[in-house]
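Trainee: Need a 3D model of the sequence below.
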Amino acid sequence: MQQKQEEAGWLYKIAHALNCIGVAILFLLMLLTVADVVLRKIFNKGILGTLEISEFMMVAIVFFSLAEGELKDRNVNVDLLVNRLSPKSRAFIDAIVKIVGLILYCCITFAVFNYAALMKSSGEVSLDLWLPKYPLIYIIAAALIIFSIVLLFRMIVSLQEMWRLWTR
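Mentor: This next block holds a predicted model:
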C-alpha cells in the first residue's frame, strides 16, 4: 500500500487537506456552541442562527472527512462472513464492492450537483440568517468528487490485487 500512496501522493494530500479543513470546522463548531451556551446563560440571549450554522458545519465535517477515511481504510466495513472466504474470493468481493461504491458515489455526486443548481435557481436561503444554501451544496459536491476519485483509485488497486491473486 505504501507504493500506491506514493503513486497517488497528490490524492493523499488533497484528502488530508480536506480532512484538516473538516477538523478546523469541528473546532469552530465547538467554539460556536460554547459561545452560544455561555451567552445564553450570562445574558439570556444566544447567537442568532447558531442552529443553522451548526447544521452547515456538521454536514461539511462529514463530507470533508470521507476521502481520507477511505484512503486510510477507516470507513466502516462489515466483513464477518467475507473474512472466512479464500483470498481469491475476498479479492473478488472487494473489487465488486469497490466498483459498486464508485458507481453509487458518482451518481450521488451528479445528483448533488443537480440539487445545488436547483437550490441556486430557486434562491432558497436558510430561515434565520438568510444564507443561500447552494454554495455549501456545491462545496459538498466538490468534496464528493474527491471521494469518488479516491474510490476510483481504491477500485483500481483492488482490481490489481484481484488480478494478481487470480493469475498466480
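Trainee: Report how many residues lie close to Ile99.
Mentor: Ile99: 15 surrounding residues under other C-beta atoms under 10 Å. All C-beta atoms are positioned from the backbone trio N, CA, C, and that covers glycine.
Trainee: wait, isn't it in contact with Arg154?
Mentor: No: counting by C-beta atoms under 8 Å, Ile99 stays clear of Arg154, with 10.3 Å between them.
Trainee: Touching both of the two, which residues are there?
Mentor: With contacts defined as C-beta atoms under 8 Å, 6 or more residues apart in numbering, no residue is shared by Ile99 and Arg154.
Trainee: The closest residue in space to Leu159 that isn't next to it in sequence: which element?
Mentor: Nearest non-adjacent residue to Leu159, counting by C-beta to C-beta, 6 or more residues apart in numbering: Ala95, 5.2 Å away. Ala95 belongs to helix 87-122 when assigned by DSSP states H and E.
Trainee: buried ones in stretch 146-158?
Mentor: Neighbour-count burial for stretch 146-158, counted by 16 or more other C-beta atoms under 10 Å, picks out 146-158.
Trainee: can you list contacts of that stretch?
Mentor: By C-beta under 8 Å, 6+ apart, stretch 146-158 touches 1, 4, 8, 11, 14-15, 18, 63, 66-67, 70-71, 91, 94-95, 98-99, 101-102, 105-106, 109.
Trainee: next one: it to chain centre, how far?
Mentor: Put simply, stretch 146-158 sits 13 Å off its chain's centre (C-alpha atoms, centre = their mean, to the nearest Å).
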